[in-house]
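A.B. asks: Next input, structure requested:
(2 chains)
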2 protein chains.
Amino acid sequence: MNAMLPQGRMLIITDGHNDLHTAKTAICLVRYRPQQVVAVLDRQSAGKTCQEVFGVGGRIPFVASLADAPEADRLVIGIAPPGGKVPRHWRPIILEAIARKMTIVSGLHDLLRDDAEFRQSAAEQGVRLIDVRDNDEHDVANRLGIREDCLRIHTIANDCSCGKMVASVELSEGLKRAGVDAAFVATGQTGILVAGGGCPIDRVISDFVAGAAEKLVLANQQHQVIVVEGQGSLFHPRYSCVTLGLLHGLMPHGLVLCYEMGRTTIFGMESIPLPPLEKVVEYYETSANIMHPCRVIGVAVNGQRFSDEAVAAECQQVGRRLGLPACDVIRHGPEKLVEAVLGLKKQLRFR
Amino acid sequence: MNAMLPQGRMLIITDGHNDLHTAKTAICLVRYRPQQVVAVLDRQSAGKTCQEVFGVGGRIPFVASLADAPEADRLVIGIAPPGGKVPRHWRPIILEAIARKMTIVSGLHDLLRDDAEFRQSAAEQGVRLIDVRDNDEHDVANRLGIREDCLRIHTIANDCSCGKMVASVELSEGLKRAGVDAAFVATGQTGILVAGGGCPIDRVISDFVAGAAEKLVLANQQHQVIVVEGQGSLFHPRYSCVTLGLLHGLMPHGLVLCYEMGRTTIFGMESIPLPPLEKVVEYYETSANIMHPCRVIGVAVNGQRFSDEAVAAECQQVGRRLGLPACDVIRHGPEKLVEAVLGLKKQLRFR
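C.D. replies: Down below sits the predicted model:
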């Protein structure tokens, strides 16, 4: 697990990559850490607000250069591009930020510290490079010391990039509002930046994924309920390995199924159709139950590309089809899912 | 994928760790590379032969020191201990081997090159340290360029350490004897040492496991049939992540189920019972079919701890229960599995 990340005044860079999926790190930081975000750097959107561009973030401004946000003390890479590389045209901006003594924070697979030019500049300036995905996980799962009085909830999905982190944060916040001692547990770069800690599970060596997941449980089970962010999907040809290791290492009691409304094919592999949600529920439940009794207790519908009316109709229809409570946590709030968690907690007679 | 490993004259060290599971690397090298093995170093067994101690390897001797095998030019770590560390009392022997200018070859998770003392000694002596598990896999799966005229066979299991590598080698050799252009494809440290190449899939970063598996297919699909060694088990709490990434990245057409006769609990986690084989077949077929049509075509029974009669009865009984051909490839040869592969090849109308 990562040590807690230092807090600071962030300038987030998304320059040229402002679409809803690629800029998801920026959008989530603006949503969940607005008090720390000074501005977002994107030359095309400079002068606009985050609310105008992202639909969230109020008056946080877009700026065109580092000089336009002098109070920021860290530059955060705000994108998760396929391939995980820093865009070439960002390199001079990052080097300028290092020259300005700003800490650089990145969640990309390509580590800043493995880039000779960034590393040398940072050393010369005495600047810190923070690679959120860096980790040294080297422990297998052991099944020792796991408490059966902490309810483990886990978000799962039919695909990657469809709102598992947002559903997890909203659900844990909703549980807190309902008086439950709940915690959001982050497993991806964006979630770790939002939470200030967690484990970048998709960059852990495969033999140690379940062990790293187990350690997240051990480190957080003092809470009544933990909501652990899922990664990838058991149905994604690229990432199913990450998803199963996390699922088996966590041994959740309850799962919340997330999906993006309107999506019909695998994200990034559009020739492959998504399976029916019934099959998704069935395969996840079968997979989870190999290790621990578990069932899907609710559905988080991500309706970001549709109207209020269409999303309400979708939630009703899917809820009926699957026999599960369904809501869009951003539009409707997470209360239906909070109720589902409280119901499971009561049924299992947890504290 | 690893570059081909250099061939050489091996001294294998197992000192104090000669049981059948821990010494599996040594036993497989003695079985499949006998012409390259000069001796095995274990002080307690010195003077005996490999046949006496391991039940395989003929007159290859056990010796008590490096000085007893002066013609060896490399020292191979012959064990796969839980935790993946070099036993402490081996350190002076390894340092002496370095002083004797022997190449050191290790498949352990703890890399030789990360050990300051080994690294410094090797640098001083101009000696090479070969870490078989080291890799730099950084590509996701893409599903591009996969030929549908190479039959992909994959060994799977109810548990780890139960004979998937041996079944894979024996099956590919049997196919060659039957006139098929077949290849064994290694995915673990022992298999890589036997084959001279492959990918140490359990040490690949989780996001890239399916991509690394796909690259194994792309690199070997000029053959009519590839038999890819499985890793771990979908039912193992520690390693299911590795197993699913490999299964989904390879997209096999046919699976061979391996298990060790008499084992009732998960290897290394003896409080957890193994599932019935029917459930194993069903869950693997469901999991594989998410990505590509696939079925289990045969069973490789590892009967190493039982009599010929007991193993024959087990094969007959399990074959009837599952409706699949079953054999112990070491005792009976792999012909039943060869026939099953040829049957699938014909059914799918492959070249």
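A.B. asks: ok, now which ones touch the closest residue to residue A:68 other than its chain neighbours?
C.D. replies: Leaving aside its sequence neighbours, residue A:68 sits nearest to residue A:39 (CB to CB, 6 or more residues apart in numbering or on different chains; 6.8 Å). Quick note: C-beta positions are derived from backbone N, CA and C, even for glycine. With contact taken as CB atoms under 8 Å, 6 or more residues apart in numbering or on different chains, residue A:39 is in contact with A:11, A:12, A:60, A:61, A:62, A:63, A:68, A:69, A:72.
A.B. asks: so of the residues you listed, which ones are in helices?
C.D. replies: Assignment to helices by DSSP state H places none of these there.
A.B. asks: returning to what we had before: pretty sure the residue nearest to residue A:68 belongs to a strand, no?
C.D. replies: Yes - if the criterion is DSSP: H, G, I helix; E, B strand; the rest coil, then residue A:39 is within a strand.
A.B. asks: now the end-to-end length of stretch A:211-231.
C.D. replies: Stretch A:211-231 has an end-to-end distance of 16 Å (CA to CA, to the nearest Å).
A.B. asks: Any part of that stretch near chain B?
C.D. replies: Yes - contact of stretch A:211-231 with chain B (CB under 8 Å from any CB of the partner chain) involves residue A:211.
A.B. asks: average model confidence for that stretch?
C.D. replies: On average, the pLDDT along stretch A:211-231 is 98.
A.B. asks: tell me which parts of the stretch 201-350 of chain A are close to chain B?
C.D. replies: A:201-207, A:209-211, A:234-235, A:237-242, A:244-246, A:248-249, A:269, A:271-272, A:275, A:283, A:286-287, A:290-291.
A.B. asks: now the strands for the stretch 201-350 of chain A?
C.D. replies: Along the stretch 201-350 of chain A, counting by DSSP state E, counting those that start in this stretch, strands occupy A:225-228, A:254-260, A:265-266, A:269-273, A:295-302, A:326-327.
A.B. asks: could these be laid out in JSON lines, adding mean neighbour count and distance to residue B:334?
C.D. replies: Below are the strands of the stretch 201-350 of chain A laid out as JSON lines (neighbours: other CB atoms under 10 Å in any protein chain shown; distance: least, CB to CB, whole Å):
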{"stretch": "strand A:225-228", "mean neighbour count": "28", "distance to residue B:334": "43"}
{"stretch": "strand A:254-260", "mean neighbour count": "24", "distance to residue B:334": "41"}
{"stretch": "strand A:265-266", "mean neighbour count": "16", "distance to residue B:334": "37"}
{"stretch": "strand A:269-273", "mean neighbour count": "12", "distance to residue B:334": "34"}
{"stretch": "strand A:295-302", "mean neighbour count": "24", "distance to residue B:334": "42"}
{"stretch": "strand A:326-327", "mean neighbour count": "24", "distance to residue B:334": "51"}
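A.B. asks: Indicate which one of the ones you listed is closest to residue B:95.
C.D. replies: Nearest of the strands of the stretch 201-350 of chain A to residue B:95, taken as CB to CB: strand A:225-228 at 44.3 Å.
A.B. asks: and the residue lying closest to residue A:107 once chain neighbours are set aside, how many neighbours?
C.D. replies: Closest residue to residue A:107 apart from its sequence neighbours, by CB to CB, 6+ apart: residue A:189 at 2.6 Å. Neighbours of residue A:189 under the rule other CB atoms under 10 Å in any protein chain shown: 26.
A.B. asks: dump the residue contacts of residue A:189.
C.D. replies: By CB under 8 Å, 6+ apart, the neighbours of residue A:189 are A:25, A:80, A:107, A:108, A:132, A:133, A:200.
A.B. asks: Apply 7 Å and report the result again.
C.D. replies: By CB atoms under 7 Å, 6 or more residues apart in numbering or on different chains, the residues touching residue A:189 are A:25, A:107, A:132, A:133, A:200.
A.B. asks: Which residue, other than its chain neighbours, is closest to the last one?
C.D. replies: Right, residue A:200. Spatial nearest neighbour of residue A:200, excluding adjacent residues (CB to CB, 6+ apart): residue A:133 at 4.2 Å.
A.B. asks: returning to what we had before: could you check how far the residue nearest to residue A:68 is from residue B:244?
C.D. replies: Between residue A:39 and residue B:244 the computed distance is 42 Å (CB to CB, to the nearest Å).
A.B. asks: Helices of chain A, start to end?
C.D. replies: A:24-32, A:50-54, A:91-99, A:116-125, A:164-177, A:189-195, A:209-220, A:240-250, A:277-289, A:308-322, A:329-332, A:335-347.
A.B. asks: Out of these, which one sits most buried?
C.D. replies: Highest mean neighbour count among the helices of chain A (mean count of other CB atoms under 10 Å in any protein chain shown): helix A:240-250, with a mean of 30.
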